[in-house]
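**Q** Would you be able to build a 3D model of this:
(2 chains)
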Amino acid sequence: MANRTANTALYVHGTNPQYLIDKTYRQRIYDSLYWKEHCFGLTVTGVMEKAVSLTSIGGCFGRTNRPTEFLCLLLKLLQLQPDRDMVDALVDQEDFKYLRALALVYFRMTQKPKDIYSKLEPLYKDYRKLRKRLHSGKHEIICMDELVDKLLTTQSVFSLSLPLMTLRRKMEDLGDLPPRISPLDETDSETDSDSELEEEDK
Amino acid sequence: MSRAPQKKVSKLVATSGVRVKRYFPGKAPDIDLDDLSASEDESEDKSQDMAAHEPHVTATPADISVSSEETKPMLAASVQRSTTAQSPMHIQSQSASDASESEPDLESKRLLAARLRARQRAQEEASSSGNSESDSESDSESDAERTRLHIANRQQIHERDTLAAGSPPSISDDRNDNGSGESSAESGSGSSSSSSDEDEDEDSDDTDDPAPRMLFKPTFVPKSQRQTKQNLDCPIDSSGNGKSVDADTTVDPESKRQEQRDRSVRMAAEEARRAREQPDVDEDDAELIDDTDGADPEAEFEAWKLRELLRIKRDKEQKVTADLEDEESERVRNMTEEQRQAEGLARARAAREAKAELIREMSTQANSELQASSSLSATDANDLVTQRMYEYAKIKATARHSHTKWKGYRKEDTSLGQQSLWSQSQSQSQSQSQRKPPHTPSDRPR
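**A** Numbering: from 1, shown residues only, chains lettered A, B, ... in the order given. Now for the predicted structure:
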């Protein structure tokens, strides 16, 4: 009962949204103490509260593939399938970086490529530090923009195999997206053009 | 065997007429007196009978003894067991006694006798080695006797080996001096009593008759005489008493226990050290790594800037390669078939040329090196050989699937186009500059 996806949830990428996490890691999450204790019967609000007090991101670590709390909450989100505007709000908010990280990973896993690119690329500007738990169990610092870059260009992050996404180049060719304008270019152009208002738009 | 069960035998098979003694649980088996003694012969005959039994019976040492009265019931038991294996003499007497039997029994009896005769013949053949191979019944006794003795002898040797494994000298002595050896091994234990029985029949007759394959009865070795890991050396002392020889029986296990304790302590210490040096994964070093953001804003910004620039650069490069690929594919698609083929051939030729050029370069390099180190006159023949080997190695290396290395008889002919090695070497030394060196100097076997 605690491990079933919500009744109202729609299929994502053709499968049960929980199946977006591999069976091996999913089973590890189900078996973990954190999931059983804290994630039982949680609502989206509850997930938000727990995410706020996160201290690291990451997948499974250690010899026993113990899942991070981050991963457990991610699975919980997949299970609950919150509304789109809720997710948007979570990604846009800047107060809690771990919550933001959680939301953007969820976004990457569930939404369409066009939305992903348009939503996540502004996050290249955010260079806040996050603690990442490596498979060995040690921590390292990773910045938010690095995380975004990984999500957009690679096919697996932590122990998650991300759903395949159209290449940005292809989308540009098709005309769905404009070519990417880096924040650096923006700032350069702004220093050239001496206007600060443009920065806020992008 | 006065009353054989009257059974309608439709077809005579190997087991026809076999009288099976059934076993009923709780009921002692009947001792058929007729089986015990063939006729009213004297004990001497009886002993010979029993002796003749031995090759057929599974060799229990107890059964081999002859003149001891105690073994009679055991003998009877053994005889009971071997219902089908009977001495020819026995059969003879049987058949004689059964001469007055009814017709159908006679038939089966005859069969039985014939079968046994055949078996005995086979056995004689097996056991005889240079002995008089006489099938006559008069010699069968002696043959059987000899076989029995041989088996007894071998078994005794085997027993001696198992019991006195730790004391080699005693064995060699016992070969000659059986009586003493046997008595020495003898003790209150049950196993040794059997060997004492053997002792009496002992014969220092070491014929290498291939005795019929026998299973030896597993003999019990008391704990003190056992050879275990604890006392690998000399578990038995010569007196044969139930005491082990090694003097420090009390100290050894103690010291071993001590050693084990030490080992476990050492292992525990090592693990503790390892745990100290490589702390457990679960240790929350999250606090050790600081993820507060405002610590050094400029440095952070610079780092971010660098990252962003690298990303831009990467994107550009990817774009460039993608564009080039697109261009290339466009171009090729627009060409006609002949143009494409021509291009492919040109490319292949260019690649081959480049490779040949590379090899030539390498060879000229090697050649020049060779000339530099010129002490070659004595080793020309050697060079030729190595060159030949080199060519062959190349051929081997370039052999392709389903291609054979066989180039035809012309290639195999050594008389064509190739002079003797001597003349060849002369001409080679003359035209050294033109020839390709067999190996780069480093590869040459020295």
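
**Q** Pretty sure A:M48 is one of the things A:K76 touches, is it not?
**A** No: between A:K76 and A:M48 there is no contact under C-beta atoms under 8 Å: 10.7 Å. Quick note: C-beta positions are derived from backbone N, CA and C, even for glycine.

**Q** Show me which of these two is the more surrounded one.
**A** A:K76 (25 against 20; other C-beta atoms under 10 Å in any protein chain shown).

**Q** show me the contacts for the more buried one.
**A** A:C39, A:L42, A:V47 (C-beta atoms under 8 Å, 6 or more residues apart in numbering or on different chains).

**Q** Of those, which is the nearest to B:D315?
**A** A:V47 (34.3 Å; C-beta to C-beta).

**Q** What are the phi and psi values at that closest one?
**A** A:V47 has phi and psi values of phi -60, psi -40 when expressed as degrees, to the nearest 10.

**Q** continuing past the lengthiest helix in chain A, what's the next helix or strand?
**A** Ranked by residue count, the top helix of chain A under DSSP state H comes out as helix A:97-110. Per DSSP states H and E, the first helix or strand lying C-terminal to helix A:97-110 is helix A:113-120.

**Q** How far away from the center of its chain is stretch A:5-25?
**A** With C-alpha atoms, centre = their mean, to the nearest Å as the basis, stretch A:5-25 stands 16 Å off its chain's centre.

**Q** Using CSV, write down the CA coordinates of it.
**A** Coordinates of each C-alpha in stretch A:5-25 appear next as CSV, following Å, rounded to 0.1, in the frame of the first residue of the first chain:
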residue,chain,number,x,y,z
THR,A,5,1.6,4.9,-7.2
ALA,A,6,-1.3,7.4,-6.6
ASN,A,7,-4.6,6.4,-8.2
THR,A,8,-4.9,9.7,-10.0
ALA,A,9,-1.4,9.5,-11.4
LEU,A,10,-0.9,9.4,-15.1
TYR,A,11,1.7,7.3,-16.9
VAL,A,12,4.9,9.0,-17.6
HIS,A,13,7.0,8.1,-20.6
GLY,A,14,4.8,5.2,-21.1
THR,A,15,5.3,3.6,-17.7
ASN,A,16,4.3,3.8,-14.1
PRO,A,17,6.2,6.9,-12.9
GLN,A,18,7.8,5.0,-10.1
TYR,A,19,9.4,2.7,-12.7
LEU,A,20,11.5,5.6,-13.9
ILE,A,21,13.9,4.6,-11.1
ASP,A,22,15.5,1.2,-11.8
LYS,A,23,14.1,-1.8,-10.0
THR,A,24,17.4,-2.4,-8.1
TYR,A,25,17.5,1.1,-6.6
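
**Q** Not counting that stretch itself, show me its contacts.
**A** Residues outside stretch A:5-25 that contact it (C-beta under 8 Å, 6+ apart) are A:3, A:26, A:29, A:59-60, A:65, A:67, A:71, A:74-75, A:78-81, A:109-110, A:159-161, A:163.

**Q** Mark which of those residues are buried, thanks.
**A** A:26, A:29, A:59-60, A:65, A:67, A:71, A:74-75, A:78-81, A:109-110, A:159-160, A:163 (16 or more other C-beta atoms under 10 Å in any protein chain shown).

**Q** Can you report phi and psi for A:S156?
**A** Dihedral angles (degrees, to the nearest 10) for A:S156: phi -150, psi 140.

**Q** On the strand side of things, show who it bridges to.
**A** A:S161 (DSSP bridges).

**Q** wait, it sits on A:L162?
**A** Yes: between A:S156 and A:L162 a contact is recorded at 6.2 Å, counting by C-beta under 8 Å.

**Q** So for these two, which residue has more residues nearby?
**A** Ranked by neighbour count (other C-beta under 10 Å), A:S156 and A:L162 place A:L162 first, with 18 against 11.

**Q** For that one, list the residues it contacts.
**A** A:R108, A:M109, A:L151, A:T154, A:Q155, A:S156.

**Q** So what does the residue of chain A found nearest chain B have for phi and psi?
**A** Relative to chain B, the nearest point of chain A is A:G137 (3.2 Å; C-beta to the nearest C-beta). Phi and psi for A:G137, reported as degrees, to the nearest 10, are phi 110, psi -20.

**Q** give me the number of residues near it?
**A** Neighbour count of A:G137, defined by other C-beta under 10 Å: 18.

**Q** wait, it sits on A:G59?
**A** No: under the criterion of C-beta under 8 Å, A:G137 makes no contact with A:G59, lying 11.8 Å away.

**Q** Restricted to strands, list the contacts of stretch A:5-25.
**A** If you go by DSSP state E, the contacts of stretch A:5-25 have A:C60, A:P67, A:L160, A:S161 in strands.

**Q** isn't the last one right up against A:M109?
**A** No: taking contacts as C-beta under 8 Å, A:S161 lies outside contact range of A:M109: 9.8 Å.

**Q** Pop out the phi and psi values for the closest residue to A:K114 other than its chain neighbours.
**A** Residue nearest to A:K114 in three dimensions, not counting chain neighbours: A:D176, with 5.5 Å by C-beta to C-beta, 6 or more residues apart in numbering or on different chains. Phi and psi for A:D176, reported as degrees, to the nearest 10, are phi -70, psi -30.

**Q** How many neighbouring residues does B:E259 have?
**A** 10.

**Q** cool, and A:L152?
**A** Neighbours of A:L152 using other C-beta under 10 Å come to 20.

**Q** Measure how buried the closest residue to it other than its chain neighbours is and give me the count.
**A** Of all residues not flanking A:L152 in the chain, A:L120 sits nearest, at 6.1 Å (C-beta to C-beta, 6+ apart). If you count neighbours by other C-beta under 10 Å, A:L120 ends up with 19.

**Q** Tell me the pLDDT of A:L120.
**A** What the model reports as pLDDT for A:L120 is 92.

**Q** Next up, the contacts around it.
**A** With C-beta under 8 Å, 6+ apart, A:L120 has these contacts: A:V91, A:L104, A:F107, A:R108, A:V148, A:L151, A:L152.

**Q** how about JSON lines for those residues, with pLDDT and distance to B:R213 added?
**A** Shown next, in JSON lines, are the contacts of A:L120 (pLDDT from 0 to 100; distance: C-beta to C-beta, whole Å):
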{"residue": "A:V91", "pLDDT": "95", "distance to B:R213": "86"}
{"residue": "A:L104", "pLDDT": "95", "distance to B:R213": "82"}
{"residue": "A:F107", "pLDDT": "96", "distance to B:R213": "82"}
{"residue": "A:R108", "pLDDT": "96", "distance to B:R213": "78"}
{"residue": "A:V148", "pLDDT": "95", "distance to B:R213": "82"}
{"residue": "A:L151", "pLDDT": "95", "distance to B:R213": "78"}
{"residue": "A:L152", "pLDDT": "94", "distance to B:R213": "80"}
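
**Q** and the lengthiest helix in chain B, anywhere near chain A?
**A** In chain B, assigned by DSSP H, the helix with the most residues is helix B:297-334. Yes: judged by C-beta under 8 Å from any C-beta of the partner chain, helix B:297-334 comes into contact with chain A at B:300-301, B:303-305, B:307-309, B:311-312, B:315, B:318-319, B:322.
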